[in-house]
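> Here is a sequence together with a model predicted from it:
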There are 2 protein chains.
Amino acid sequence: MDNSFVLRGGIAFSESANRITTYYRGYVVCIDGICKGAFHDLPDQYKGLQLYDYGERIIIPGMTDLHVHAPQYTFRGIGMDAELLDWLSTYTFPEEAKYGNMEYAKKAYQYFTDDMRRCFSTRAVVFATLHNEATIELMNQLEDTGIVTYVGKVNMDRNGGDNLQEDSAEESLKATKEWLDAIEGKYVNTKPILTPRFIPSCSDELMKGLGKLAKERDLRIQSHLSENHSEIEWVKELVPESTCYANAYEMFDTMGTPERPTIMAHCVHSDDRELEILKNHGAFIAHCADSNMNLTSGIAPVRKFLDAGIDVGLGTDVAAGSSMNLVKTMLITLQASKMYYRLVDTNVKPLTFEEVFFMATLGGGKYFGNVGTFKEGYEFDAIVVDDSKMYSMRDMSIRERIERMCYNDADALIKDKFVKGKKVYSRVE
Amino acid sequence: MDNSFVLRGGIAFSESANRITTYYRGYVVCIDGICKGAFHDLPDQYKGLQLYDYGERIIIPGMTDLHVHAPQYTFRGIGMDAELLDWLSTYTFPEEAKYGNMEYAKKAYQYFTDDMRRCFSTRAVVFATLHNEATIELMNQLEDTGIVTYVGKVNMDRNGGDNLQEDSAEESLKATKEWLDAIEGKYVNTKPILTPRFIPSCSDELMKGLGKLAKERDLRIQSHLSENHSEIEWVKELVPESTCYANAYEMFDTMGTPERPTIMAHCVHSDDRELEILKNHGAFIAHCADSNMNLTSGIAPVRKFLDAGIDVGLGTDVAAGSSMNLVKTMLITLQASKMYYRLVDTNVKPLTFEEVFFMATLGGGKYFGNVGTFKEGYEFDAIVVDDSKMYSMRDMSIRERIERMCYNDADALIKDKFVKGKKVYSRVE
């Protein structure tokens, strides 16, 4: 199968945040890895291409996981009775410390990448650990999957405890540059991203150094923002001259620009002032509803992000989120937004299914350029979904079936997965 | 396989709401369908029994679904942008009306019972529709599964629209008696339960008649209580002399007694006065967190129910809940309780995993008698779970593995399922 072809099946993709276009037994065309559009009837000029007919199966754009911690994958789903700071010190930091051992890292990252290959994500923005060698191992493995990622060696020079902390800002910056040099030109699909864990893990000096490095080397940055009340209080103490958490990042020149947008995960407790900072810098928000409920952080006001014109995608945030399945994350995102409306502010209308599907595909995909839909000119990322195990008495529309898929992720099986026109996974029946 | 045997594997069961007992490679003994206890080492007197060794698999008690609508199963997962009353009139009532057609009912109920057989529930309390013949068909099918259920022919003599309403209270009561007479003595595992849909669907006369019938024939009752704000307002209008929604049921003598406890689904907005009524009558609450988030109803204060000493189990409430998988419902129950704590009242601590596991097994199981745990004298309902697809770097304890299962339901596969010592389902690998 070369990367010019036509797929036939039930087609669904976002036109915009409020509109999903569907075709029953439609066509989607890929030429040299680029989408040429989706059609009810196949245009004549594409009739010579190889056609793969998926029958009653559904074909949707690949999804983007804007925030996921690879080293946490192996302890997903346990310790969920804790809140953020306790959860980090009890479960996360001791686990991440193990990635200094390459034998451990190699095996553990294989579990992560194997499941990443099999899930709905065709793009992901990934936290590794502070260890250079293990981070490069992760990048090597991810490159092999064919999935397109940004991967960050984590920076942390304070508050990491005995085993998960770099000696100084200088050492952390030096290691970062060594990591960048080591992978220079090595990958097609795997890009580095600067990754200060969050303000409590990084001294002012380190943050400033990373801000400078980002500018010098034209690199993007990812981090965490306003996830949990105790965390926010701590940041106030650590950077007393900042006007808010987002401003602390801004002070250190780590909020990015529209050309190299920073991703901030969470923003659960971000107020209008923080949103304005995010907007001004062209930052993306990685909304992680599963994680935010599991760690009792709260519910992010996603409708306000959208209204403010801020780019928003979804993050699974494994392992505070328990699954890499973005379709399950969609369900939890919907439920969270309904509870925000019901319990916090009835002026903030719940997200619609259209909006959540958009965020999972085109909203997050935008971070990677023209990614996340079947419009002409977009990179061809696609998932073929087999929902034939979900019996129904009614002839469901494609729109109904993708909604049902999100509410019944366990029965929405991935048949094939394409990234940039290349089939990267096919389920063994 | 007769129904006296020993199972070996990782054992986990609730001792109480706050304590889960586990044995790594332990034993659980079944004699004539009754549990003789779980053990670290197999007592000598049971060594002659047939032993089934499940190796690294986990063995947990069967779960009880205290609230599920069988006829809604085939449209699960769609139309979830609506709230209760719109959802009922747009999706639910038109669908339920179709069960007047027996060909339709037979096929649709087969989808439901097939999936019920394959899910974590070994006990269920089920709403059918108002149609006698279809309800009997459902009961026949459920009897064949080996699962133990209560099934209710629904009563509704008002506000059902054109196609889903009985002509009068008298007609509804007459049909109910005919249904009861038709199934008298017919089943071992399938019991009838009186099922006034909710106050808006039942006239005062019908409610009174059902209260009387319950007493005369020693029958239990199930219904809905305080799910949604608009519904609660409507009940106030319909029964103006009631002091609250629960009192309306009480006035009609449908709140039951500890000997024949009524199940009330939801109680999202029940205040202390309602809880007192429920407690006084020995009623069970079916907590349906998935449904309550999907229909934007809110979050029930489950901690308050437990503190008040009210019996609480979990309900999937398909199709307002989208899945019959109680393990997934456990996850959503935990997330909902964390959001109640964070967003509504920080004096109401989130539910623990122990409490939610308890509600899914022993809490709901109590409705069926000695059901829902592996203590001596309990009916032997068990699920063998294969979680071997969830790779991990750590040697997880059984307690950690059952928590992980709840957060990753799609990878927690049911290997075998036993009800009252009989294997009712075995997954084809």
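Okay, I see it.

> Could you use CA atoms for every contact and neighbour count after this?
Fine.

> starting at the chain centroid, how far to the helix ranked longest in chain A?
Taking DSSP state H as the criterion, chain A has its longest helix at helix A:102-118. Remark: helix A:102-118 is offset 18 Å from the chain centroid, using C-alpha atoms, centre = their mean, to the nearest Å.

> which parts of the helix or strand just after that helix are buried?
Next in sequence after helix A:102-118, counting helices and strands by DSSP states H and E, comes strand A:121-127. Buried residues in strand A:121-127, counted by 16 or more other C-alpha atoms under 10 Å in any protein chain shown: A:121, A:122, A:123, A:124, A:125, A:126, A:127.

> where's the fifth one relative to residue B:71, distance?
Yep, that's residue A:125 we're talking about. 42 Å (C-alpha to C-alpha, to the nearest Å).

> so where do the helices sit in the stretch 251-400 of chain A?
A:272-281, A:289-294, A:302-307, A:326-339, A:353-358, A:364-365, A:398-407 (DSSP state H, counting those that start in this stretch).

> Dump the second one to PDB, restricted to CA.
The C-alpha trace of helix A:289-294 is given here as PDB (Å, rounded to 0.1, in the frame of the first residue of the first chain):
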ATOM      1  CA  ALA A 289     -10.800  16.200  32.100                       C
ATOM      2  CA  ASP A 290     -10.100  12.600  33.200                       C
ATOM      3  CA  SER A 291      -7.000  13.600  35.100                       C
ATOM      4  CA  ASN A 292      -8.700  16.700  36.600                       C
ATOM      5  CA  MET A 293     -11.500  14.600  38.000                       C
ATOM      6  CA  ASN A 294      -9.300  11.700  39.200                       C
END
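
> ok, which stretches of the stretch 101-250 of chain A are helices?
A:102-118, A:132-145, A:169-183, A:204-217, A:229-238, A:245-251.

> For residue A:348, find the nearest of the ones you listed.
helix A:229-238 (21.4 Å; C-alpha to C-alpha).

> Can you report how many residues neighbour residue A:41?
11 (other C-alpha atoms under 10 Å in any protein chain shown).

> give me the low-pLDDT residue ranges for the stretch 51-200 of chain A?
For the stretch 51-200 of chain A, no stretch is flagged by pLDDT under 70.

> got the residues of it near chain B?
When proximity is defined as C-alpha under 8 Å from any C-alpha of the partner chain, the stretch 51-200 of chain A approaches chain B at A:74, A:75, A:76, A:77, A:78, A:79, A:81, A:108, A:111.

> Spatially nearest residue to the residue in the stretch 301-429 of chain A that chain B sits nearest to, not counting backbone neighbours?
Evaluated by C-alpha to the nearest C-alpha, the stretch 301-429 of chain A has residue A:404 as its residue closest to chain B, separated by 4.2 Å. Leaving aside its sequence neighbours, residue A:404 sits nearest to residue B:77 (C-alpha to C-alpha, 6 or more residues apart in numbering or on different chains; 4.2 Å).

> Surely that neighbour is in contact with residue A:402?
No. Checked against C-alpha atoms under 8 Å, the pair residue B:77 and residue A:402 is beyond contact range at 9.3 Å.

> Identify the contacts common to those two.
Common neighbours of residue B:77 and residue A:402 are not found (criterion: C-alpha atoms under 8 Å, 6 or more residues apart in numbering or on different chains).

> State the mean pLDDT of stretch A:14-31.
What stretch A:14-31 shows for mean pLDDT is 98.

> ok so, going back, looks to me like the residue nearest to residue A:404 is in a strand.
No. Read with DSSP: H, G, I helix; E, B strand; the rest coil, residue B:77 is coil and lies in no strand.

> How about the contacts made by it?
A:403, A:404, A:405, A:406, A:407, A:408, B:319, B:320, B:321, B:322, B:323.

> How about residue A:147?
A:117, A:121, A:122, A:123, A:124, A:189, A:419, A:424.
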